[in-house]
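Asks: Predicted model and sequence follow; I will ask about them next.
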Amino acid sequence: MATYYPVFDLNRLFTAGFPIDRTSDMILIFSDFGVTGPYSGAMRAVVHREAPDVTVCDLMVDAPDRNPKASAYLLAALSREFHPGDVVLCVVDPGVGSQRRGLVVECDGVLFVGPDNGLFEILIRRARKCRVKVINWYPANTSASFHGRDIFAPVACMIAKGEPVALADIDPAQRYVPAQSWPDELSEIIYVDTYGNLMTGLVAAPGWQNRSLSLLINGQLLSPARTFSDVELGHGFHYRNSIGLCEIAVNCGRADQVFGAEIGTAVFIRD
Amino acid sequence: MATYYPVFDLNRLFTAGFPIDRTSDMILIFSDFGVTGPYSGAMRAVVHREAPDVTVCDLMVDAPDRNPKASAYLLAALSREFHPGDVVLCVVDPGVGSQRRGLVVECDGVLFVGPDNGLFEILIRRARKCRVKVINWYPANTSASFHGRDIFAPVACMIAKGEPVALADIDPAQRYVPAQSWPDELSEIIYVDTYGNLMTGLVAAPGWQNRSLSLLINGQLLSPARTFSDVELGHGFHYRNSIGLCEIAVNCGRADQVFGAEIGTAVFIRD
Amino acid sequence: MATYYPVFDLNRLFTAGFPIDRTSDMILIFSDFGVTGPYSGAMRAVVHREAPDVTVCDLMVDAPDRNPKASAYLLAALSREFHPGDVVLCVVDPGVGSQRRGLVVECDGVLFVGPDNGLFEILIRRARKCRVKVINWYPANTSASFHGRDIFAPVACMIAKGEPVALADIDPAQRYVPAQSWPDELSEIIYVDTYGNLMTGLVAAPGWQNRSLSLLINGQLLSPARTFSDVELGHGFHYRNSIGLCEIAVNCGRADQVFGAEIGTAVFIRD
C-alpha cells in the first residue's frame, strides 16, 4: 500500500509561537455523542451562548463510538470540509475524567480542539504545517463525564473569538506523543453509514477506479467503480467516496449486511 | 379516488423568463442523507459558508431512501412549510454521477433545487404557477457521488443571494419530462415516521374524519378519526395528519408493526 | 430516599403579575418528535421565521416518547442547560387535540412553553420562584395533531420577542393542578441514551460516589463510581452524570442490554 503523505516529522509539532491571533466565523462539531440525547444540544447551546456571532455547524455527531483510532482516520478524511480559520470541536473521548489531556491543534490554518487520545494523530501527520498546544484550563464545576460541554466547547469559543486562553506551552513533560504504532492508512472499516456503506481508512486518489486494484473483505473480492450508477443493482464494488476514502458499497443494497462487516473489519488490497 | 388538483398542463412549465431576481431569507433542506454521517453536515456547512446571511433549516433529512417517487409525494405534502421566497434544497438522488440533470423549479414563488428524477413531479402538478430550468453549472472538483454538496447547495446559495447562476433555458432537447405514469395521489405508504405511523400518498382534506371512508391495509379495514386522543388505546385508525396527508396510526402503538407495513405497501379506499 | 427540594407550595404558583416584559436571545427545544421526520424541522422553521433574531437550539428531540412523566424528571434535570431569559419550547404531548391546555411556566427566570400534562410538574416543584399561566390563543388553521408547530412555537416566539400574547390569567376554573401523586424523585429509569446508559429520576449530588449507596436493578447490585474510566472494562456502576442524575452505566458496554432495562424499569437504593 502506498504512503501518500510525507513521513511524519515530529519536529514540525514543536514550532515556537502559536499565535491564536485571529477570529473565526465557523465552529464545526465532530463527536460521537449520537444524534439523540441532550449531549449534542447541550454542547451546541454552550457555543451559541459564548460565541453568538459564530456559526455553529454539526458536521457529524456519530463518529465511531468511543473509538479515537477509527475516528482519527475519519476526521482526517473530512479535511475537505474544513477551511482555514475554522475551529473544529472534536469530542470522541472515552477517557473523559481520567488524566488524559486536552489539546489545541493547528493544521494548515484549521484549529482543532479536543482530547489527547490519538484523535488528531492522522490530521497531524498529513498536515503541511502543524502546531500543538496542551489545554491548561479547568473551570470550576467541570463535570467528570462531559468535558465537551465544560472544557472543549468554551475553549473553542475563546479561540474563535480571538480571546486569550490558557494554553500551556509544550515542554518535555507536556509534549504531544504521537501514536506511532498506527499506520498512515488503516486497512479496516472505520465507519458504516446510514445506507450500510463501508468506509475504509484507505485514501483513494482521484481516478481510483482506473487503477486495477481489487479489495478483499471477508473472502469477497471487489472491483473498483466510479460510482453507484455504474454498477448493476445489488452488486458490490469499491470506489472513491465523496470525502476521498476508499468505500465499499452495494448499488441499492446494504454492504454491511452483504459482507458481514462492521467497524474494525479488515480489508486487503490485491493489485 | 378524487383528483384534487387540476389536470397537469405541461405548457405552464415553459413560461418564458425566469427572473431569479430576489433574495431569500431561508434555505430549507429536504434529503435522504439520514441524520447520521457527515453528509447532512457537510452540505449544511457549504450553505453556511456561501450564504452566511441566510437561515438554514434541515426540514427533514430522512426522506424515503433513494426513492424519488415516494419522496415526491412527501415533498409536495410539505408545501405548507414553505413560504414564497424560500429556497428548498432537495436531494434524493440515487442516480448521482449519471447523466441525470439538475433542476431549479419555481412553484408559486418557492424555489426548489435538486435532481431531475421525478422528485419535483407532484409539486409541479399541484402548483398554480410553475417554471422549470435545467442547471448548467458544473464546478471543478465535483465529486461523482455528492452533488448535494458540490452542485445543488452552491446553486441554492446563488439563488438565495440573488446571484446570477448558469441556468440553461429549456429547449426541446432540454425539456422537463413529466413522470406521467405516476398518479396524482399515491395509494401507498410513502413514509414511516419515528412512532411507526404510516403516511400515505393520499391527500386528506380538512374534515377528512367526517367522510365515511374506510382504508384497507394488509387485510385490515380502518375507520377515520380526528386524532389519537379520539381513539381507544391500541386501536388503529386513519386521519388527516399535520401535513394534510391521510395517515394510518395506532393510539400509543406502532402502526408499522401492527399492520406489517413499510414504504410501498398498498392501501385501498373503501367508500 | 431523601427529598432534596422544599415541599411544594401551591401558593407560589399563583403570584399576581406575570410580566413577560423581556426579550430572549435563545429558544431551546425539548421534544419527543424524534430526530427523523418533518416534525422537528417544521417546528424549528416556524421559530426561524417568527423570531429571526433569536438563536434556536434543539436541546434534545428524543425525550421519552409520549411519556410526560419520565420527561418531566428529565426536563427538570436539564435545568443546568437553561439560563435566565431563555425560552424553552417543550413538546411531549400525547394528548394533543384533546382538551388539555397549554401553559407558560416561569421558573427562576426561565420561561417554558408546552402542554399541561405534568411535563412541568418537577420543574415547578424545584423552582425557588415560579409562575404559571394558561395559553388562551388558538390561531386559525391549527392542526389537530401538531400544536408544537401551530401553537407552542408561535407562543414561544411571541414571548422571546417580548410581544403581548394572549395568556389567560389563572383563576379557580383555570388553575394549574399539580400531579401530586408523583414523587419528588423517580426511582425508575427515565431515559436510555445512545450508548445504552440508563438515567434514573434520582438526583445525585456532587460527591455522589463517596456515599456508600448501592443501586439495585433487576436483581443486580451496583456500586457507585466517579466516572467510566474509574471502573474496569465491562463493569456496571452508578454515578452522578453530567446533568446531575444518578445514572447506571457499563464501562465500554451497554447497560440497557446488560441489565435488561428500559424506561420505567424500577431501581432501588440500598444504604
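Replies: Happy to help now that I have it.
Asks: Contact distance from chain B - what residues of the stretch 101-250 of chain A qualify?
Replies: Proximity of the stretch 101-250 of chain A to chain B, by C-beta under 8 Å from any C-beta of the partner chain, involves residues A:191, A:193-195, A:226-230, A:239-243. The C-beta positions use only the backbone N, C-alpha and C, and glycine is treated the same way.
Asks: Which ones among the residues you listed also lie next to chain C?
Replies: Among those, not one lies near chain C by C-beta under 8 Å from any C-beta.
Asks: can you tell me which of these are in strands?
Replies: A:Y191, A:Y239, A:R240 (DSSP state E).
Asks: Just give me the closest of the residues you listed to B:I159.
Replies: A:R240 (29.5 Å; C-beta to C-beta).
Asks: Hmm, A:Q209 and that closest one touching each other?
Replies: Yes: in this structure A:R240 lies within contact range of A:Q209 using C-beta atoms under 8 Å: 7.0 Å.
Asks: Turn the buried ones among the residues of the stretch 101-250 of chain A next to chain B into a named PyMOL selection, would you?
Replies: The following PyMOL line selects those of those that are buried, judged by 16 or more other C-beta atoms under 10 Å in any protein chain shown:
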select buried, chain A and resi 191+193+194+195+226+227+228+229+230+239+240+241+242+243
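Asks: Next, format the residues of the stretch 101-250 of chain A next to chain B as JSON lines and append distance to B:V56 and pLDDT.
Replies: Shown next, in JSON lines, are those (distance: C-beta to C-beta, whole Å; pLDDT from 0 to 100):
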{"residue": "A:Y191", "distance to B:V56": "24", "pLDDT": "98"}
{"residue": "A:D193", "distance to B:V56": "22", "pLDDT": "93"}
{"residue": "A:T194", "distance to B:V56": "20", "pLDDT": "86"}
{"residue": "A:Y195", "distance to B:V56": "23", "pLDDT": "86"}
{"residue": "A:R226", "distance to B:V56": "30", "pLDDT": "88"}
{"residue": "A:T227", "distance to B:V56": "27", "pLDDT": "82"}
{"residue": "A:F228", "distance to B:V56": "27", "pLDDT": "82"}
{"residue": "A:S229", "distance to B:V56": "28", "pLDDT": "79"}
{"residue": "A:D230", "distance to B:V56": "32", "pLDDT": "86"}
{"residue": "A:Y239", "distance to B:V56": "29", "pLDDT": "95"}
{"residue": "A:R240", "distance to B:V56": "28", "pLDDT": "94"}
{"residue": "A:N241", "distance to B:V56": "24", "pLDDT": "92"}
{"residue": "A:S242", "distance to B:V56": "19", "pLDDT": "89"}
{"residue": "A:I243", "distance to B:V56": "21", "pLDDT": "93"}
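Asks: any idea which of the residues of the stretch 101-250 of chain A next to chain B is the one closest to A:E262?
Replies: So of these, ranked by how close each gets to A:E262 (C-beta to C-beta), first place is A:Y191, at 10.2 Å.
Asks: what ranges do the helices span in the stretch 101-250 of chain A?
Replies: A:121-126, A:147, A:153-160 (DSSP state H, counting those that start in this stretch).
Asks: Can I get those helices in a markdown table including mean pLDDT?
Replies: Output for the helices of the stretch 101-250 of chain A, formatted as a markdown table (pLDDT from 0 to 100):
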| stretch | mean pLDDT |
| --- | --- |
| helix A:121-126 | 93 |
| helix A:147 | 94 |
| helix A:153-160 | 92 |
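Asks: give the contact list for A:D25.
Replies: A:V54, A:T55, A:G85, A:D86, B:P52 (C-beta atoms under 8 Å, 6 or more residues apart in numbering or on different chains).
Asks: Ramachandran angles for the spatially most central residue of chain A?
Replies: Nearest residue to the geometric centre of chain A (C-alpha atoms, centre = their mean): A:L75, 1.6 Å. When quoted as degrees, to the nearest 10, the phi and psi of A:L75 stand at phi -60, psi -40.
Asks: and what of the one 3 residues further on?
Replies: The phi and psi torsions at A:L78 (degrees, to the nearest 10) take the values phi -80, psi 10.
Asks: For it, grab the count of nearby residues.
Replies: Residues near A:L78, counting by other C-beta atoms under 10 Å in any protein chain shown, number 21.
Asks: Below-threshold pLDDT in chain A: ranges please.
Replies: For chain A, the stretches with pLDDT under 70 are A:1-23, A:168-175.
Asks: how does it look with 80?
Replies: Within chain A, the stretches with pLDDT under 80 are A:1-24, A:97-99, A:144, A:164-180, A:229, A:271.
Asks: And the strands in it?
Replies: Using DSSP E, the strands found in chain A span residues A:26-31, A:55-60, A:87-91, A:102-107, A:110-115, A:130-135, A:167-168, A:186-192, A:198-203, A:214-217, A:220-222, A:236-240, A:245-250, A:267-270.
Asks: With respect to A:G41, which of those lies nearest?
Replies: Nearest to A:G41, of all the strands of chain A, is strand A:55-60, at 9.8 Å by C-beta to C-beta.
Asks: distance of the residue in the stretch 101-250 of chain A positioned nearest to chain C from C:F228?
Replies: Taking C-beta to the nearest C-beta, chain C has its nearest neighbour within the stretch 101-250 of chain A at A:F146, 3.4 Å off. A:F146 sits 11 Å away from C:F228, going by C-beta to C-beta, to the nearest Å.
Asks: Quick check: neighbours shared by the two?
Replies: Common neighbours of A:F146 and C:F228, using C-beta under 8 Å, 6+ apart, are A:V96.
Asks: longest single helix anywhere in chain A?
Replies: In chain A, assigned by DSSP state H, the helix with the most residues is helix A:39-50.
Asks: residues in chain A within reach of chain C, list them.
Replies: Residues of chain A lying close to chain C (C-beta under 8 Å from any C-beta) are A:33-39, A:41-42, A:44-45, A:48-49, A:52, A:65-66, A:94-98, A:143-146, A:149-150.
Asks: Try it again at 6 Å.
Replies: A:34-38, A:41-42, A:44-45, A:48, A:95, A:97-98, A:143-146 (C-beta under 6 Å from any C-beta of the partner chain).
Asks: of those residues, buried ones?
Replies: The neighbour count (16+ other C-beta under 10 Å) marks A:34-38, A:41-42, A:44-45, A:48, A:95, A:97, A:143-146 as buried among the residues of chain A next to chain C.
Asks: farthest pair in these?
Replies: The widest separation within these (C-beta to C-beta) is 27.2 Å, between A:H48 and A:G95.
Asks: what's the closest non-adjacent residue to the residue of chain A most remote from its centre?
Replies: Taking C-alpha atoms, centre = their mean, the residue of chain A most remote from its mean C-alpha position is A:E232, at 32.3 Å. Nearest residue to A:E232 in three dimensions, chain neighbours excluded: A:N251, at 6.6 Å (C-beta to C-beta, 6 or more residues apart in numbering or on different chains).
Asks: and that neighbour, what is it in contact with?
Replies: By C-beta atoms under 6 Å, 6 or more residues apart in numbering or on different chains, the residues touching A:N251 are A:F228, A:V231, A:L233, A:H235.
Asks: Buried ones only from those residues, please, as a PyMOL command.
Replies: Only the buried members of the contacts of A:N251 end up in this PyMOL selection, burial being decided by 16+ other C-beta under 10 Å:
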select buried, chain A and resi 228+231+235
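Asks: and which of the contacts of A:N251 is nearest to B:N117?
Replies: A:F228 (13.3 Å).
Asks: give the contact list for that closest one.
Replies: Contacts for A:F228 (C-beta under 6 Å, 6+ apart) come out as A:N251.
Asks: try A:G264
Replies: Residues counted as contacts of A:G264 (C-beta under 6 Å, 6+ apart) are A:E188.
Asks: one more time with 7 Å
Replies: Residues near A:G264 by C-beta atoms under 7 Å, 6 or more residues apart in numbering or on different chains: A:E188, A:I189.
Asks: Quick check on it: phi, psi?
Replies: Dihedral pair for A:G264: phi 100, psi -20, per degrees, to the nearest 10.
Asks: what's the answer for A:G109, then?
Replies: phi 90, psi -10.
Asks: Quick check: it touching A:P84?
Replies: Yes: in this structure A:G109 lies within contact range of A:P84 using C-beta atoms under 7 Å: 3.2 Å.
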